[in-house]
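Colleague: please work out how this folds:
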Amino acid sequence: MPALPRFLGSLLALLLVFALAAGAAAKPNIVLFVTDDQSPIAGCYGSPLIQTPYLDALAKEGTRFTQAFATTASCSASRSVILTGLHNHANGQYGHVHDFHKFETFESCAALSLPLQLKAAGYRTAHIGKLHVAPESVYGFERFLTTREGHNTPAWVDACKPLFAEKSEQPFFLCFWTNDPHRSGDEVQSVPEELKPNRFGNPPPGQSYPGTEEVVYDPTQVPVPGFLPDTIECRRELAQYYQSVTRTDKALGAFVAALKEAGQYENTLIVFTADHGMAFPGAKTTVYESGLQVPFVVKIPGVAGGVANDAMISHADLTPTLLDAAGGYDREKRAPLKLLPVAKLGRGENAGPKFDHYHGRSWLGLLGKEHGEGWDELMASHTFHEIQMYYPMRAIRDRQYKLIWNIASPLPFPFASDLWAASTWQAQFKKGLEAPYGNRTVGSYIQRPAFELFDLKSDPAETKNLAADPAFAAKLAEMKERLKAEQKRTGDPWISKWSYE
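Modeller: Residues are numbered from 1 along each chain as shown. Okay, the predicted model is just below:
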């Protein structure tokens, strides 16, 4: 008789092992929370003023990457990189998708597309907010959640709750992509200056959106980044921008609360980032640090939080990483375990080149760690924003040096329509080409040399171009070769510009 209990005990122990293994293997829900035009301005990133308590809380439970970058500071192009793991110069999304701009991703990218790959891996896929990429054959979410709340982003969460409450054995993948803190079409008319600040989606002064209490900032107290001019026009716009960032943070708080209420939080991987840096001249549409560096916080089940990691990662790494978390990624090949079929197009239509691997790679193994061995170099690639803004730039960056190649340098730098109209810019532009604009002059911002080489350790603000300094001729030549190598690796058509013009 004593043998029976021992047998049962062994059996129960074995069943427990299998149960734990099955639980550990369960695929997490995946949330990709992307804001629109947000630099790493937050309490957890050292901002002395702005209130972002919910992102700060997420950082305490997850890994905060301190060296995370967009590959391009343009909305559609950047989002295409996020969802394909391919640089936009290769995937065909050279600029904006909407209206007359009409750029679209190559249909061949469907083989690697994150929403399609996750659907194939057994996920329910959904999107809410700003998508800004096409075509649907590449970005085929199963459902699009809708809301009429506009810039009252915290209220969007109500549209997500039915997804959280669904009884399903399939995990969900949700893109929660806000409109804020992007510039909006409204201005604050009550200020005394001739040039009025943009409202960045905020309600009129003194008002709040229903159920969302606004946090208002004093223009005289906001810190002014070094690339911007310290003027009253800029300060007023920064105060509006900060207000929009804080309201977006409230949306993150409401989102996390809804996940917890539905019992989904503990088994959900959350990535918080932005498509690129803030919508001010000197950041957005440039490949300067202010345009490319983004907030990046990741909370994943089973990994300790409160960690700051200094690995240099980019948006090209997002799709491979999330697919890795879903169990559908081949780390050695940097590719999906299975490529998806691409619809055949008729009569000479350009489906694009064949893609069988990602430009980026998975950083899943870096979570919970402070360093990433071998994560020390990044490439940036910008060609268009709006269709009339042809100004291709390529950049390569390591821990110390950064090279920018302004391929169309004889041309004046083109402005996005909303950035040209910004009171921050117009106040200085009206003063003439020699007027200061942050670390530059108005004239030097508009007309740029072919190459810009910066020592980021001694000059993090990118103020001193070393490209013409004979002492850095060897470094310039080295960085050019490294840039060419990355262009070749990632299939950049603009690599041909090294040979002519």
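
Colleague: going forward, measure contacts and count neighbours with C-alpha atoms only.
Modeller: Fine.

Colleague: who touches the spatially most central residue of the chain in this structure?
Modeller: Centroid-nearest residue in the chain, with C-alpha atoms, centre = their mean: Asp275, separated by 3.0 Å. Asp275 makes contact with 34-38, 70, 73-75, 78-79, 294, according to C-alpha atoms under 8 Å, 6 or more residues apart in numbering.

Colleague: who wins on neighbours among the residues you listed?
Modeller: Each of the contacts of Asp275 was scored for neighbours by other C-alpha atoms under 10 Å, and Ala73 scores highest at 32 neighbours.

Colleague: so Tyr241, which of the three states?
Modeller: When the structure is reduced to helix, strand and coil (DSSP: H, G, I helix; E, B strand; the rest coil), Tyr241 reads as helix.

Colleague: what sits against it?
Modeller: Residues near Tyr241 by C-alpha under 8 Å, 6+ apart: 181, 199-200.

Colleague: with Pro203 instead?
Modeller: Tyr209.

Colleague: and if we set it to 10 Å?
Modeller: Pro203 makes contact with 151-152, 186, 188, 209, 214, 244 under the criterion C-alpha atoms under 10 Å, 6 or more residues apart in numbering.

Colleague: now do Val138
Modeller: Val138 sits next to 80, 83-84, 104-116, 342-343 when contact means C-alpha under 10 Å, 6+ apart.

Colleague: switch to 8 Å and redo it
Modeller: Residues touching Val138, when contacts are defined by C-alpha under 8 Å, 6+ apart, comprise 105-110, 113, 116.

Colleague: what's the answer for Val245, then?
Modeller: Contacts for Val245 were tallied using C-alpha under 8 Å, 6+ apart; they are 38, 52, 180-181.

Colleague: ok, which pair from the residues you listed is furthest apart?
Modeller: The distance between the two most remote of these (C-alpha to C-alpha) is 14.1 Å, for Thr52 and Asp180.

Colleague: more neighbours: these two, which one.
Modeller: The residue with more neighbours, out of Thr52 and Asp180 and counting by other C-alpha under 10 Å, is Asp180; that gives 26 against 23.

Colleague: the one helix or strand Lys402 maps to: how far from the chain's middle?
Modeller: In this assignment (DSSP states H and E), Lys402 forms part of strand 401-406. Once both centres are worked out by C-alpha atoms, centre = their mean, to the nearest Å, strand 401-406 turns out to sit 21 Å from its chain's centre.

Colleague: next structured bit after it?
Modeller: Counting by DSSP H and E, the next helix or strand C-terminal to strand 401-406 is helix 417-421.

Colleague: contacts for that following helix next, please.
Modeller: Counting contacts by C-alpha under 8 Å, 6+ apart, the residues outside helix 417-421 that touch it are 183, 279-281, 425-426.

Colleague: next secondary structure after that helix?
Modeller: Using DSSP H and E, the helix or strand that follows helix 417-421 in sequence is helix 423-429.

Colleague: only alpha carbons, please: show that next one as CSV.
Modeller: Once side chains and other backbone atoms are set aside, the C-alpha atoms of helix 423-429 remain, and they are given as CSV (Å, rounded to 0.1, in the frame of the first residue of the first chain):
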residue,chain,number,x,y,z
SER,A,423,5.3,79.9,-35.2
THR,A,424,8.6,78.5,-33.8
TRP,A,425,10.1,78.5,-37.3
GLN,A,426,8.4,81.6,-38.8
ALA,A,427,9.5,83.8,-35.9
GLN,A,428,13.1,83.2,-36.7
PHE,A,429,12.8,82.9,-40.5
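
Colleague: in it, which residues are buried?
Modeller: Within helix 423-429, the residues that count as buried by 16 or more other C-alpha atoms under 10 Å are 423-425, 427-429.

Colleague: what mean pLDDT does that helix get?
Modeller: Predicted confidence along helix 423-429 averages 98 (mean pLDDT).

Colleague: which secondary structure elements does it contact?
Modeller: When contacts are defined as 3 or more C-alpha pairs under 8 Å, 6 or more residues apart in numbering; DSSP states H and E, helix 423-429 sits against helix 232-261.

Colleague: and the helix it packs on, what's buried?
Modeller: Neighbour counts over helix 232-261 (16+ other C-alpha under 10 Å) mark 232-256, 258-259 as buried.

Colleague: what sits closest to Leu366 if chain neighbours are left out?
Modeller: For Leu366, ignoring the flanking residues on the chain, the nearest one in space by C-alpha to C-alpha, 6 or more residues apart in numbering is Gly372 at 6.2 Å.

Colleague: which stretches of the stretch 351-500 of the chain form strands?
Modeller: In order along the chain, the stretch 351-500 of the chain carries the following strands (DSSP state E, counting those that start in this stretch): 378-382, 393-397, 401-406, 436-437, 440-441, 451-455.

Colleague: paired strands for the second one, with orientation please.
Modeller: If I follow you right, that is strand 393-397. Counting by DSSP bridges, the strands paired with strand 393-397 are strand 378-382 (antiparallel), strand 401-406 (antiparallel).

Colleague: dump these into TSV; add mean pLDDT, mean neighbour count and distance to His315 as well.
Modeller: Formatted as TSV, the strands paired with strand 393-397 follow (pLDDT from 0 to 100; neighbours: other C-alpha atoms under 10 Å; distance: least, C-alpha to C-alpha, whole Å):
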stretch	mean pLDDT	mean neighbour count	distance to His315
strand 378-382	98	25	10
strand 401-406	98	22	18
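
Colleague: now those as CSV including distance to Pro192?
Modeller: Shown next, in CSV, are the strands paired with strand 393-397 (distance: least, C-alpha to C-alpha, whole Å):
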stretch, distance to Pro192
strand 378-382, 37
strand 401-406, 39
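
Colleague: could you measure from the nearest residue to Val157 once chain neighbours are set aside over to Tyr94?
Modeller: Leaving out its chain neighbours, the residue that sits closest to Val157 by C-alpha to C-alpha, 6+ apart is Phe255, at 5.7 Å. From Phe255 across to Tyr94, the span is 32 Å (C-alpha to C-alpha, to the nearest Å).

Colleague: isn't Asp398 up against Ala380?
Modeller: No: counting by C-alpha atoms under 8 Å, Asp398 sits too far from Ala380 to count as a contact (11.6 Å).
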